[in-house]
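[1] Please work out how this folds:
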Amino acid sequence: ELQQIAADEFRSVIEQATGDTLQILMEGEPMGNRIPIIVGPSQSTRKLGYSGNDLEPEQFRIIVREDAIILLAKDIPNKTRPERQSMVTAWAFAYLMDRYMGVVKLWPGELGTVVPRIKNLQLPQMDIREQPKLFYRSFRNTYDPELNLWNAFYQSAGSRETRAVMHSFRDGKNNGDWWGRFHEEKPEMLARGPDGKVGHAPGKPHFCKICISNPEVTDEIIRIWKAAGAPDYWDMTPNDGTKFCTCDGCRELDRKYGNVEYTREEIWTRPAHVNLTDRYVWFWNQLIRRMRETNPNIKIGVYFYSAYRNPPKRLQLEPGIFGAMVPVLDTRNWNAWIEAGATEIGLRPNWYYMGACGPSLHLHTMGNYIEHARENDMVMINMDSLYGFWATQGLKYYLTARLVQRYDLTTEDVIDEYCAAFGNAAGEIRR
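    All right, here's what the predicted structure looks like:
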């Protein structure tokens with residue numbers, strides 16, 4: 001099905017560009033004297049000596065010979081969340097449309113697709129392999145067929161590794177519903193407020209916090225992880241919101257490792273004001289050391305966000321801690337986390353919320369940040385969220401997608417490309 005979608009899109013673009021109509025043939029149908037574009041892996045590609053068995057996940061291969069054009073790709077469908085599927089065959093066709101036909105998709109749909117007129121499609125002989133640099137890419141959009149094609153053109157959706165960072169102490173996530181399990185029977189497992197009682201943000205029990213200084217908490221997490229088979233990856237991202245633990249044990253971690261002391265009220269109600277990173281790094285380090293005794297390949301996922309957004313002051317991260325950073329537009333924090341031992345960082349910004357639906361573009365600042373991140377250990381991007389304000393923020397979406405897809409392009413290159421697609425109106429668009 002995904003191969004058919006990709007082939008139909010390419011045929012439509014070829015027809016717009018050249019006026020010719022490509023005929024799509026099924027496996028085994030005679031091809032006559034025409035130079036075929038063969039999509040595989042298939043029996044036809046295997047007869048030509050290309051099995052596709054050596055393809056890595058999310059990798060495609062394009063071979064252009066005198067007698068045939070061969071595209072090898074293994075799509076990764078997702079029936080439950082089709083907006084997240086890896087449309088690898090479409091990426092292969094997009095490689096040709098982008099680099100050899102000059103096709104640009106400014107926004108989803110026919111109106112946003114710019115197809116230059118060409119007399120003939122001429123391709124040099126090649127044998128190339130491509131795979132997205134990042135193991136996970138998402139703009140958190142809902143499903144829409146045209147938007148799926150836009151994402152496929154720029155490889156801005158899909159994944160080849162399962163590493164969730166999803167506020168993990170709630171129902172359906174790695175560590176389960178801790179509020180439901182413990183707030184009555186074992187409240188000492190949860191964060192305590194200034195009055196010594198457990199609590200959560202109003203109306204959000206699924207966003208409760210835990211008491212990370214309690215050794216029973218670490219024991220319970222490891223028990224849950226082992227019961228799941230001690231997998232190579234475990235999500236440890238704290239729940240979102242306020243209400244961090246104010247108990248004596250957690251505050252002592254702040255003093256000992258972070259050299260900070262806040263009032264209980266500040267810790268409980270003002271996560272943007274306090275810096276609790278060192279208590280969390282201490283906790284993550286304790287946890288992964290013990291997990292490594294059972295599974296030496298273990299990695300845990302965390303956020304660099306909220307009250308633990310800044311790098312630690314005294315501690316270094318243990319190997320195997322993967323952090324998803326929710327940044328402001330300042331690369332110094334990224335660098336500081338690397339200095340603190342982070343070797344894999346995911347970019348998880350809220351930049352698309354800036355300006356709501358208005359023309360808030362801060363393009364160079366955002367683009368320069370992505371350029372810096374992709375050169376310094378970025379392994380994932382998870383944007384929150386693409387709401388479809390294409391008229392006012394479309395260039396922001398386009399810039400993000402293009403910089404993540406094409407590491408050879410700079411921010412200025414992408415802005416020039418976007419504006420040039422409007423032809424004689426390019427100057428007006430740039431202004």
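[2] how about the nearest residue to A7, chain neighbours excluded?
    I24 (5.5 Å; CB to CB, 6 or more residues apart in numbering). For every residue, glycine as well, the C-beta is placed using N, CA and C.
[3] And the pLDDT at that neighbour?
    The model reports I24 with a pLDDT of 83.
[4] So it sits against R11, correct?
    Yes - using CB atoms under 8 Å, I24 makes contact with R11 at a distance of 6.5 Å.
[5] So these two - more neighbours on which side?
    A direct count of neighbours by other CB atoms under 10 Å for I24 and R11 places R11 higher, at 17 against 13.
[6] just to confirm, which helix or strand has the more buried one in it?
    For R11, the host element (DSSP states H and E) is helix 2-18.
[7] hey, where'd the strands end up in the stretch 51-200 of the chain?
    Secondary structure of the stretch 51-200 of the chain (DSSP state E, counting those that start in this stretch): strands located at 60-64, 69-73, 104-105, 113-114, 126-130, 136-138, 158-159.
[8] average pLDDT for the last one?
    Over the span of strand 158-159, the pLDDT mean works out to 96.
[9] Show me what that strand is in contact with.
    58, 76, 84-88, 132, 135-138 (CB atoms under 8 Å, 6 or more residues apart in numbering).
[10] Mind putting those into a markdown table with distance to L329 and pLDDT?
    Below are the contacts of strand 158-159 laid out as a markdown table (distance: CB to CB, whole Å; pLDDT from 0 to 100):
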| residue | distance to L329 | pLDDT |
| --- | --- | --- |
| E58 | 29 | 98 |
| I76 | 32 | 96 |
| R84 | 27 | 92 |
| Q85 | 31 | 95 |
| S86 | 29 | 97 |
| M87 | 31 | 97 |
| V88 | 32 | 98 |
| P132 | 24 | 98 |
| F135 | 24 | 97 |
| Y136 | 22 | 96 |
| R137 | 20 | 96 |
| S138 | 20 | 94 |
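[11] Return the subset of those lying in helices.
    Residues of the contacts of strand 158-159 located in helices (DSSP state H): V88.
[12] Pipe the contacts of strand 158-159 into JSON lines and attach distance to L361 per row.
    Listed next are those as JSON lines, based on distance: CB to CB, whole Å:
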{"residue": "E58", "distance to L361": "30"}
{"residue": "I76", "distance to L361": "33"}
{"residue": "R84", "distance to L361": "27"}
{"residue": "Q85", "distance to L361": "30"}
{"residue": "S86", "distance to L361": "29"}
{"residue": "M87", "distance to L361": "28"}
{"residue": "V88", "distance to L361": "31"}
{"residue": "P132", "distance to L361": "25"}
{"residue": "F135", "distance to L361": "28"}
{"residue": "Y136", "distance to L361": "26"}
{"residue": "R137", "distance to L361": "21"}
{"residue": "S138", "distance to L361": "21"}
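[13] Just the buried subset of the contacts of strand 158-159, please.
    Among the contacts of strand 158-159, those classed as buried by 16 or more other CB atoms under 10 Å are 58, 76, 84-88, 132, 135-138.
[14] quick one, what contacts C247?
    If a contact means CB under 8 Å, 6+ apart, then C247 has 191-192, 211, 213 as its contacts.
[15] How about D232?
    Shown in contact with D232 (CB under 8 Å, 6+ apart): 295, 297-299.
[16] how many neighbours does the residue lying closest to L55 once chain neighbours are set aside have?
    Leaving out its chain neighbours, the residue that sits closest to L55 by CB to CB, 6+ apart is K74, at 5.7 Å. K74 is flanked by 18 other residues according to other CB under 10 Å.
[17] just checking, K74 touches D54?
    No - with contact defined as CB under 8 Å, K74 does not count as touching D54 (11.1 Å).
[18] quick revisit: residues in contact with the next helix or strand along the chain from the helix holding R11: which ones?
    On the C-terminal side of helix 2-18, the closest following helix or strand by DSSP H and E is strand 37-40. Contact partners of strand 37-40, identified using CB under 8 Å, 6+ apart, comprise 3, 6-7, 22, 44-46, 48, 50, 52, 68-73, 89.
[19] Put the buried members of these into a PyMOL selection.
    Per 16+ other CB under 10 Å, the buried members of those correspond to this PyMOL selection:
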select buried, resi 3+6+7+22+44+45+50+52+68+69+70+71+72+73+89
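[20] circling back: which of the contacts of D232 sits closest to R160?
    K299 (15.0 Å; CB to CB).
[21] Excluding residues flanking it in the chain, which one is nearest that closest one?
    Excluding its sequence neighbours, the residue lying closest to K299 (CB to CB, 6+ apart) is G320, at 4.6 Å.
[22] cool, G176 as well?
    Nearest one to G176, counting by CB to CB, 6+ apart, is I224 at 6.7 Å.
[23] now do E58
    In this structure, E58 finds its nearest non-sequential neighbour in R160, 4.4 Å apart by CB to CB, 6+ apart.
[24] List the residues that contact that neighbour.
    Per CB under 8 Å, 6+ apart, neighbours of R160: 56-58, 76, 86, 132, 135-136.
[25] From I76, how far off is it?
    Distance of R160 to I76, computed by CB to CB, to the nearest Å: 7 Å.
[26] Repeat that for E339.
    Separation of E339 from I76 (CB to CB) stands at 35 Å.
[27] do the same with P327
    Look at P327 and I76: by CB to CB, they are 28 Å apart.
[28] What segments of the stretch 251-400 of the chain are strands?
    For the stretch 251-400 of the chain, the strands defined by DSSP E, counting those that start in this stretch cover 299-304, 321-325, 345-347, 378-382.
[29] What's the mean pLDDT across the shortest one?
    In this model, strand 345-347 has an average pLDDT of 97.
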